[in-house]
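*Asks:* need a structure here:
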Amino acid sequence: MEPLRINRILSTQLFPKLGNANPPGSAPIRQVGFARTLRGRRKAGALTLARSDSRGVSGDVQEGSSSSSSSSSALGNGKGEKGLVLGEERDASGSLVGFNLTPQSGSHKGVATDRGQEENVDIEGMNKVLPKLRHSIVFVTAEAAPYSKTGGLGDVCGSLPIALAGRGHRVMVVSPRYLHGGPADENFAGAVDLDCRIKVFCFGGEQEIAFFHEYREGVDWVFVDHPSFHRLGNPYGDGHGAFGDNQFRFTLLCHAACEAPLVLPLGGYTYGEKCLFLANDWHAGLVPVLLAAKYRPHGVYKDARSFCVIHNLAHQGVEPAVTYKNLGLPNEWYGALEWVFPTWARTHALDTGEAVNVLKGAIVTSDRVLTVSKGYSWEITTVEGGYGLNQLLSSRKSVLNGITNGINISEWNPSSDEHIACHYSADDLSGKAECKIALQKELGLPVRPDCPLIGFIGRLDYQKGIDIIRWATAELMQDDIQFVMLGSGDPLYENWMREAESTYRDKFRGWVGFNVPISHRITAGADILLMPSRFEPCGLNQLYAMRYGTVPVVHGTGGLRDTVRTFDPYANEGSGEGTGWIFTPLSKDSMISAIRVAVWTYRDHKASWEGIMKRGMQTDYSWENAAIQYEQVFEWATIDPPYIS
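*Replies:* Purely as a prediction, here's the structure:
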């Protein structure tokens, strides 16, 4: 985690007048024309439209000698049956922005056009209302599961695009092609080289990048290839810390993402200029700035919109001010990224504290700002949660929204999970007891079905409140409970877990590291999931837990407060309501008190406990719900004009 940064908020920083500011050490930046990369990329021959058409239709279009006066061509099956029509889509200025596949008269009525609202009937016979407008959406992210993942960012950018594509949007995800020289490289085995090389200007010269592509689950997964993404470690660093050239690596990602919709004929035609860009965290933060500073002044992407999606405000992409000249931005845009450390945070008396902050630039120039829960969207406007950007974010409250993440309900499903010992559901909970017994056996704990089993899954660091758990362990172990922890991180806490396991052999187990099957088995086998996070933008483990009938006990912050409802036994005429317990403030005593109330309910009020379990299991946290909320924000963004300095 980066240290707390406090910004010198000036009116010129919040809404910079971009005309007089010059970055330290700046030199004239040569503009490399993006238009020249657009021409000459399409090759003659058959272009398959089926791969990128989200409505599931197919057909091949021949480019070549057909008259340009014809605005559409029929795609039949050669047997006189009704085919599909390839029609042009133009914007208000008459510019060609794409093509639409629509049925001819008498064709299947389940295929919707780009305008209007229709109802499709899915295989279960349930009506699903499709959005009024279909968009071309470009996710820009440092990680996307299953190709790359270190946390929630990878989960979101691996699942939300699929949900949006399923609702009829054309969706592209742009992420680096990481090659680590290990088994994880197989994740990219299905991606093919598009044979498209482009050069972007940044870091004092032209950088050549390539694109790889895989079409999967209705989404175009595009991977930016460059030698800087080929190294040992994770996407951000290795055992020695963060990579020193991360600014360079993610600057390349942002430039490539801005070019991809213009130059890549995916499925036969490019995404074009009328796109919605979702820039996730600081790694993609240059995208809104590039759109405003490099493209729109030349009439490109004039109808595009950009969204800054904040998953964790603690990481902002702050580097020395002198590095601004490396970003490939005009000198006069320095004010959008300018950042000044307070005196107490400077390294020496001559340090001016000047820096550039990529995430700040994204917040200033994006059309909308999104966070991954409603609670977190408020927290980041406070001094405590804003990490120096609270005043800037408060000034953009009118375009700031929080949307709670969803979960992959097919991967996390207790009735079909391949990792757990026994399947179960809200209608038949008997299998959960079997999962608990199997977990106790696997970890070498005494097999005691009636003993409350508490679980923790997560990083072992300050954010997750591990220090609170550490100081509370001795007192908790006096109670008749069992405790299982899975995670890695700070060596101090890793060693403490090993010591606690030796001290409390019949009650405590600590698994240092991360193991996907074990995380599923703990989620299914535990009775209670503990999450004492200091801050939690959204949190996914509590959603997984509720899906599996495991009751969450959480600190009341961010997405935890949004998604967990404290149990009230007297609500609904005594039938109760709530899905867990929220404790506050964050302290050892308040956490222990909440755990003991949960344990008491588990032991002495079985009917109430079963009600808590079932309410959690029946709560809908699918990505479909989140996708519908994103569509609402897309609609708001298209009503307003795009950001122009």
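*Asks:* residue 513 touches residue 485, doesn't it?
*Replies:* No. Counting by CB atoms under 8 Å, residue 513 sits too far from residue 485 to count as a contact (11.2 Å). Every C-beta, even on glycine, is put in place using the N, C-alpha and C of the backbone.
*Asks:* neighbour count winner among these two?
*Replies:* Taking residue 513 and residue 485 together and counting by other CB atoms under 10 Å, residue 485 has the greater number of neighbours (25 against 9).
*Asks:* partner residues bridging the more buried one?
*Replies:* residue 456, residue 510 (DSSP bridges).
*Asks:* now do it against residue 500, distance only.
*Replies:* Here residue 485 is placed at a distance of 8 Å from residue 500 (CB to CB, to the nearest Å).
*Asks:* shared neighbours, the two?
*Replies:* Contact with both residue 485 and residue 500 is made by residues 508, 510, according to CB atoms under 8 Å, 6 or more residues apart in numbering.
*Asks:* residues in contact with residue 631?
*Replies:* Taking CB under 8 Å, 6+ apart as the contact definition, residue 631 lies against 131, 164, 167.
*Asks:* quick one: which of those residues is most hemmed in?
*Replies:* residue 164 (29 neighbours).
*Asks:* excluding sequence neighbours, find me the nearest residue to residue 166.
*Replies:* Spatial nearest neighbour of residue 166, chain neighbours left out: residue 218 (6.2 Å); criterion: CB to CB, 6 or more residues apart in numbering.
*Asks:* quick one: the strands in the stretch 201-350 of the chain?
*Replies:* 205-216, 219-225, 237-238, 241-242, 275-280, 305-310, 318-320, 338-340 (DSSP state E, counting those that start in this stretch).
*Asks:* got the contact list for the third one?
*Replies:* With contact meaning CB under 8 Å, 6+ apart, strand 237-238 is reached by 231, 232, 243, 246.
*Asks:* could you rerun that using 6 Å?
*Replies:* Counting by CB atoms under 6 Å, 6 or more residues apart in numbering, the neighbours of strand 237-238 from elsewhere in the structure are 232, 243.
*Asks:* report the mean per-residue pLDDT for it.
*Replies:* Rounded to a whole number, the mean pLDDT of strand 237-238 is 90.
*Asks:* cool, the fifth one as well?
*Replies:* When pLDDT is averaged over strand 275-280, the result is 98.
*Asks:* what's the angle from it to strand 305-310?
*Replies:* Orientation of strand 275-280 against strand 305-310 (axes from the mean of the first three to the mean of the last three CA atoms, to 10 degrees) gives an angle of 10 degrees.
*Asks:* the second one too?
*Replies:* Relative orientation of strand 219-225 versus strand 305-310 (the same axes, to 10 degrees): 80 degrees.
*Asks:* so what does strand 219-225 touch, helix or strand wise?
*Replies:* With contacts defined as 3 or more CB pairs under 6 Å, 6 or more residues apart in numbering; DSSP states H and E, strand 219-225 has these neighbours: helix 152-166, strand 170-176, strand 205-216, helix 246-263.
*Asks:* what does the first one rub up against?
*Replies:* The contact list for helix 152-166 (CB under 6 Å, 6+ apart) reads 54, 137, 139, 141, 143-145, 171, 173, 217-219, 311, 405, 408, 540, 623-624, 627.
*Asks:* kindly write the PyMOL command that selects the buried subset of these.
*Replies:* Command for PyMOL, covering only those of the contacts of helix 152-166 found buried under the criterion 16 or more other CB atoms under 10 Å:
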select buried, resi 54+137+139+141+143+144+145+171+173+218+219+311+405+408+540+623+627
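*Asks:* what about the helices in the stretch 401-550 of the chain?
*Replies:* The residue ranges that make up the helices of the stretch 401-550 of the chain, judged by DSSP state H, counting those that start in this stretch, are 430-443, 466-476, 491-503, 516-525, 541-547.
*Asks:* mind checking which of those is nearest residue 616?
*Replies:* Proximity to residue 616 (CB to CB) singles out helix 541-547 among these, at 3.2 Å.
*Asks:* low-confidence regions, the stretch 51-200 of the chain specifically.
*Replies:* Regions of the stretch 51-200 of the chain meeting the criterion pLDDT under 70 cover residues 51-129.
*Asks:* sorry, back to before: the contacts of residue 631 into CSV, with extra columns for distance to residue 616?
*Replies:* Putting those into CSV (distance: CB to CB, whole Å) gives the following:
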residue, distance to residue 616
131, 29
164, 26
167, 26
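*Asks:* among the helices and strands packed on strand 219-225, which is the most enclosed?
*Replies:* Among the helices and strands packed on strand 219-225, ranked by average contacts under mean count of other CB atoms under 10 Å, first place goes to strand 170-176 (a mean of 27).
*Asks:* let me know the angle separating it from strand 219-225.
*Replies:* Calculated by the same axes, to 10 degrees, strand 170-176 forms an angle of 20 degrees with strand 219-225.
*Asks:* now do strand 170-176 and helix 152-166, the angle between them.
*Replies:* Using the same axes, to 10 degrees: strand 170-176 against helix 152-166 is 160 degrees.
*Asks:* for strand 170-176, what is the distance to the chain centroid?
*Replies:* Averaging C-alpha positions (CA atoms, centre = their mean, to the nearest Å) puts strand 170-176 12 Å from its chain's average.
*Asks:* related to what we said a few turns ago, pipe the strands of the stretch 201-350 of the chain into JSON lines and attach distance to residue 604 per row.
*Replies:* As requested, these are exported to JSON lines (distance: least, CB to CB, whole Å):
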{"stretch": "strand 205-216", "distance to residue 604": "49"}
{"stretch": "strand 219-225", "distance to residue 604": "49"}
{"stretch": "strand 237-238", "distance to residue 604": "48"}
{"stretch": "strand 241-242", "distance to residue 604": "49"}
{"stretch": "strand 275-280", "distance to residue 604": "45"}
{"stretch": "strand 305-310", "distance to residue 604": "43"}
{"stretch": "strand 318-320", "distance to residue 604": "52"}
{"stretch": "strand 338-340", "distance to residue 604": "55"}
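*Asks:* so where's the protein shaky on pLDDT?
*Replies:* Where the chain drops to pLDDT under 70, the residues are 1-129, 645.
*Asks:* and the end-to-end length of stretch 310-328?
*Replies:* According to CA to CA, to the nearest Å, stretch 310-328 extends 23 Å from its N-terminal end residue to its C-terminal end residue.
*Asks:* for that stretch, which positions count as buried?
*Replies:* 310-313, 315-319, 321, 323-328.
*Asks:* of those, closest to residue 363?
*Replies:* Checking the buried residues of stretch 310-328 against residue 363 by CB to CB gives residue 310 as the nearest, at 8.1 Å.
*Asks:* dihedrals phi and psi, the closest residue in space to that closest one that isn't next to it in sequence?
*Replies:* Leaving aside its sequence neighbours, residue 310 sits nearest to residue 371 (CB to CB, 6+ apart; 4.9 Å). Per-residue torsions, residue 371: phi -130, psi 170 (degrees, to the nearest 10).
*Asks:* pretty sure residue 371 sits against residue 403.
*Replies:* No. At 7.7 Å, residue 371 and residue 403 do not qualify as touching, with contact defined as CB atoms under 6 Å.
*Asks:* who's more crowded, these two?
*Replies:* Under the criterion of other CB under 10 Å, the comparison of residue 371 against residue 403 puts residue 371 first, with 27 against 22.
*Asks:* for that one, what are its contacts?
*Replies:* With contacts defined as CB under 6 Å, 6+ apart, the neighbours of residue 371 are 310, 377, 402.
*Asks:* can you put the residues you listed in a markdown table and add distance to residue 446?
*Replies:* Rendered in a markdown table, the data for those read as follows (distance: CB to CB, whole Å):
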| residue | distance to residue 446 |
| --- | --- |
| 310 | 45 |
| 377 | 45 |
| 402 | 43 |
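*Asks:* relative to residue 278, how far out is residue 133?
*Replies:* Counting by CB to CB, the gap from residue 133 to residue 278 is 16 Å.
*Asks:* the more surrounded of the two?
*Replies:* residue 278 (29 against 15).
*Asks:* isn't the more buried one right up against residue 305?
*Replies:* No. Residue 278 sits out of contact with residue 305 when judged by CB under 6 Å, with a separation of 9.7 Å.
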